[in-house]
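Chemist: Return a 3D structure for these sequence lines:
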Amino acid sequence: MGMTMDLILDSIVAQASPLVLAHHPISTSIAASLDNGPLWRSRVNGFDYHASTNSLVFYGQSFSPDVISEVIVSYRRWVTGAAPVD
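Modeler: This is a model prediction of the structure:
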């Protein structure tokens, strides 16, 4: 039951994420930083990508509504005739 609840909660958090990517990335190529500091891909203290919502979710990071934070995300994506270069 614990694993099922974790999956349900992860899905809810991913749906609520304000950081939706413009393109569908190659998942292993995603890198992120918060206020010029690198973030690791971790569900304890970092970030993770959710393909179902094409969004990033941050774990263990403190964000304050009164303070502007800079998040930078880079990734590679496949470019084809169906998804040309911007």
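Chemist: This structure: strands as residue ranges?
Modeler: Under the criterion DSSP state E, strands of the chain are mapped to 31-34, 37-39, 46-50, 55-59, 71-74.
Chemist: now the third one, how far from the centre of its chain.
Modeler: In this case it means strand 46-50. Per Cα atoms, centre = their mean, to the nearest Å, the displacement of strand 46-50 from the mean C-alpha position of its chain is 4 Å.
Chemist: give me the low-pLDDT residue ranges for this structure?
Modeler: The model of the chain has pLDDT under 70 over residues 1, 6-7, 9-18, 82-86.
Chemist: In contact with the residue nearest the centre of it, which residues?
Modeler: Of all residues in the chain, the one closest to the mean position by Cα atoms, centre = their mean is L56, 1.4 Å from it. Contact partners of L56, counting by Cβ atoms under 8 Å, 6 or more residues apart in numbering, are S17, L19, L21, I30, A32, F47, D48, Y49, H50, V73. Quick note: C-beta positions are derived from backbone N, CA and C, even for glycine.
Chemist: Same list (these) but as CSV, adding neighbour count and distance to M3.
Modeler: Written out in CSV, the entries for those read as follows (neighbours: other Cβ atoms under 10 Å; distance: Cβ to Cβ, whole Å):
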residue, neighbour count, distance to M3
S17, 15, 21
L19, 14, 25
L21, 15, 26
I30, 17, 24
A32, 20, 26
F47, 24, 21
D48, 18, 16
Y49, 19, 19
H50, 17, 16
V73, 16, 28
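Chemist: for this structure, what spans make up the helices?
Modeler: Using DSSP state H, the helices of the chain run over residues 2-16.
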